[in-house]
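Colleague: Provide a 3D model corresponding to the input given below.
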Amino acid sequence: MNFTEVGLNQKKVSIGLPVFNEEKLIRKKLESILSQTFQDFTIVISDNGSTDQTRKICEEMSKIDDRITFSHHKENKGPYWNYNFVLNKAETEYFVMAAPDDIWSENFLESNINILEKCKVVGSIGECSLFNRIIDSNTHKSEINILKNSRKYQYVHPVKGELKEKIKFYLDYQMGSQFYSIFRTKDIKFANFYRNKANYGMWQSDFAAILKILKRGDLHVDLESFFYKEVSTKSHSTIKYMKIFNFSISEILFSKAIFSVWFFKEFGTKLFLKNFGVLLRSNFLWGRTIFGEMLRMCKRIIYGQEKYW
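Modeller: Model prediction:
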């Protein structure tokens, strides 16, 4: 066994928290979860080989509250493996994936679990807004800045109706934040895309998982709670970001094509043809993005500038 584990309890909700080098955020994230109005939960932390103080902080917190289960892995096996690990640990009725840099309103768990208890939906999430962190150059302290009208650019929306309508709607709007809904554990495990190692190489596997879970039912948005998703104000390279996730060159170049093939196998010819236009456009835009980044890299090489991936 190549990991150590501390604490384990059976509760109503499992909160999966995969981490890697999150010493600046993890303590505040855990404290915010522990201050939720709903308290019948367990937190499953999986540390993917952190080299900073993440392990020390998590071990300290697990000793303070026995609802925190902490596992430390000696080597980094990639983010998708880590997601799969925390989900496999869930034995509760409900499951929610958390990220160290996201923020929940204090009633996030309580309000969305009430929805799941009363309604026949597979998942529920609060309204989504985006924020960034403003760091003071003198004190180095950070402040939260909620972006105005951020729901216009990235929001969540109820997804309901017949499967063909839900699939088309979700492909059109691509609401990635819905992956952080509270789900019935049996349903998210059914849709768990990460259980098959071969799928680790497909970009937007979380997006694919949501499409698959729509086979089991509808997704709800709770207007009484909030979910804040952090965005970076710095420009970044898509290729560099994907290489951090250990994607190969072929997986980067043909990412959307791989997704399209998966969609065809999962949903069949009729739904594939019905959504062919959206899939084709997605492939075209992806190709344009990657081609543009490769051109910029060539210019950097020609002019002797530092590579950014």
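Colleague: how close does Ala257 sit to Phe264?
Modeller: 11 Å (C-beta to C-beta, to the nearest Å). (Glycine included, C-beta is placed from N, CA and C.)
Colleague: For the stretch 101-250 of the chain, give me the ranges with low pLDDT.
Modeller: Per-residue confidence for the stretch 101-250 of the chain (pLDDT under 70) gives these ranges: 131-155, 193-203, 231-236, 241-246.
Colleague: how about the helices in it?
Modeller: Using DSSP state H, counting those that start in this stretch, the helices of the stretch 101-250 of the chain run over 108-118, 163-173, 185-190, 205-213, 238-244, 249-253.
Colleague: and these as TSV, adding distance to Ser129?
Modeller: Listed next are the helices of the stretch 101-250 of the chain as TSV, based on distance: least, C-beta to C-beta, whole Å:
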stretch	distance to Ser129
helix 108-118	13
helix 163-173	16
helix 185-190	24
helix 205-213	19
helix 238-244	23
helix 249-253	30
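Colleague: Could you single out the most deeply buried of the ones you listed?
Modeller: Highest mean neighbour count of the helices of the stretch 101-250 of the chain: helix 205-213, a mean of 21 (counted as mean count of other C-beta atoms under 10 Å).
Colleague: Number of residues surrounding Thr42?
Modeller: Residues near Thr42, counting by other C-beta atoms under 10 Å, number 23.
Colleague: Show residues contacting the strand or helix carrying it.
Modeller: Element membership for Thr42 (DSSP states H and E) is strand 41-48. The contact list for strand 41-48 (C-beta atoms under 8 Å, 6 or more residues apart in numbering) reads 8-20, 30, 33, 54-55, 58, 62, 67-73, 76-79, 81-82, 85-86, 89-90, 92, 109.
Colleague: what about 6 Å?
Modeller: By C-beta atoms under 6 Å, 6 or more residues apart in numbering, the surrounding residues in contact with strand 41-48 are 9, 11, 13-20, 54-55, 58, 67-73, 76, 82, 85-86, 89.
Colleague: before we move on, the earlier item: out of the helices of the stretch 101-250 of the chain, flag the one nearest Leu223.
Modeller: Closest to Leu223 of these, according to C-beta to C-beta: helix 108-118, at 9.2 Å.
Colleague: helices and strands around the closest one, which ones?
Modeller: Helices and strands touching helix 108-118, as assessed by 3 or more C-beta pairs under 6 Å, 6 or more residues apart in numbering; DSSP states H and E, comprise strand 123-135, strand 219-230.
Colleague: Start and end of stretch 161-179, how far apart?
Modeller: From the first residue to the last, stretch 161-179 extends over 19 Å; the measure is C-alpha to C-alpha, to the nearest Å.
Colleague: Of the contacts of strand 41-48, keep whichever come out buried.
Modeller: Buried members of those, scored by 16 or more other C-beta atoms under 10 Å, are 11, 13-20, 54-55, 58, 67-73, 76, 82, 85-86, 89.
Colleague: quick revisit: nearest to Lys274, of the helices of the stretch 101-250 of the chain?
Modeller: The closest of the helices of the stretch 101-250 of the chain to Lys274 is helix 163-173. By C-beta to C-beta, the value is 6.6 Å.
Colleague: Give me the helices and strands touching that closest one, please.
Modeller: Taking 3+ C-beta pairs under 6 Å, 6+ apart as contact, there are no helices or strands that helix 163-173 lies on.
Colleague: So which bits of stretch 74-85 are buried?
Modeller: Across stretch 74-85, burial judged by 16+ other C-beta under 10 Å covers 76-85.
Colleague: ok, now stretch 46-53?
Modeller: Buried residues in stretch 46-53, counted by 16+ other C-beta under 10 Å: 46-50.
Colleague: which element is Arg27 on?
Modeller: Assessed by DSSP H and E, Arg27 sits inside helix 26-34.
Colleague: Redo the helices and strands packed on helix 108-118 as CSV? Include distance to Leu271 and mean neighbour count.
Modeller: Converted to CSV, the helices and strands packed on helix 108-118 look like this (distance: least, C-beta to C-beta, whole Å; neighbours: other C-beta atoms under 10 Å):
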stretch, distance to Leu271, mean neighbour count
strand 123-135, 21, 20
strand 219-230, 18, 20
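Colleague: Reformat the ones you listed as TSV; add distance to Cys298.
Modeller: Listed next are the helices and strands packed on helix 108-118 as TSV, based on distance: least, C-beta to C-beta, whole Å:
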stretch	distance to Cys298
strand 123-135	31
strand 219-230	32
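Colleague: Could you verify my assumption that Thr37 touches Ser105?
Modeller: No: counting by C-beta atoms under 6 Å, Thr37 stays clear of Ser105, with 9.4 Å between them.
Colleague: Which helix runs longest in this protein?
Modeller: Across the chain, the longest stretch assigned as helix under DSSP state H is helix 276-302.
Colleague: Quick one: list the elements packing against that helix.
Modeller: Here helix 276-302 touches helix 255-274, going by 3+ C-beta pairs under 6 Å, 6+ apart.
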